[in-house]
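Asks: would you be able to build a 3D model of this:
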Amino acid sequence: MRSLLALAILGSLAGDAALADSTLVDMKPVNAMAFMKALEQQAPTLKYDCRTYEEKNLERLKRPLIEAAAVFLRAFVETHGSVTITSAHRTRQEQSCVCAGEKGPCSRSKPSRHSLGLAIDVRAGAGTKAEYECMQDFAKKNPHLGIHFPFGMKDRPHMEWNGRTTAFKGPRLPAVPCAGPVTTMIDPNKFPD
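Replies: So this is what the prediction gives:
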């Protein structure tokens, strides 16, 4: 009986968290930038919060990347669930801050693709390896959505425009779900208090 009650409570919480992401899709933002700004934005770690995920950083991204990211992330949220923007455009000072706290690859000596407005970092779900693998598989199966992950699992959150023209206001393109055990992602930080 206790296990049934626990499952019911977890199901309710998961439904509420998924509802937050589906509400975003149902809001029907008027353009790609509005959609991107409506997504959750958060630092990847609490130790070094360089604040490169803020709206001002999104506004400095190149237009083709904004359009493609919005098309891709809308399809991903509709298919699999939660995403969080963790970094967008970076000034030199912001890039130095990010590299100081980065465990993985970080462009220290040359201009970063983020500094050029050509890259964005996102967290899939709660940020597990399986969730990142799912998001990258989703990009590989849906190149028409305009996004790729050029560094693969070496730089899990880093995505860029793949050169294909996309339009957020255009017709919704069909999407093929990722393969594997992860099909619905819920960020535990989005559970109601």
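Asks: and the residue nearest in space to the middle of the chain, bridged to which residues?
Replies: In the chain, the residue lying closest to the centroid (Cα atoms, centre = their mean) is V122, at 3.2 Å. Under DSSP bridges, the beta-bridge partners of V122 are I85.
Asks: OK, contacts around it?
Replies: 73, 83-86, 135, 157, 159 (Cβ atoms under 8 Å, 6 or more residues apart in numbering). All C-beta spots, glycine's among them, are computed from the backbone N, C-alpha and C.
Asks: same thing but 7 Å
Replies: Residues in contact with V122 (Cβ atoms under 7 Å, 6 or more residues apart in numbering) are 73, 83-86, 157, 159.
Asks: closest to G170 out of those residues?
Replies: When those are compared for distance to G170 (Cβ to Cβ), L73 wins out at 15.2 Å.
Asks: now that closest one. Nearest residue, chain neighbours left out?
Replies: V83 (5.5 Å; Cβ to Cβ, 6 or more residues apart in numbering).
Asks: test my guess that that neighbour contacts F72.
Replies: No. Counting by Cβ atoms under 7 Å, V83 does not reach F72; the two are 9.6 Å apart.
Asks: between these two, which one's more packed in?
Replies: More crowded of V83 and F72, by other Cβ atoms under 10 Å: F72, with 28 against 25.
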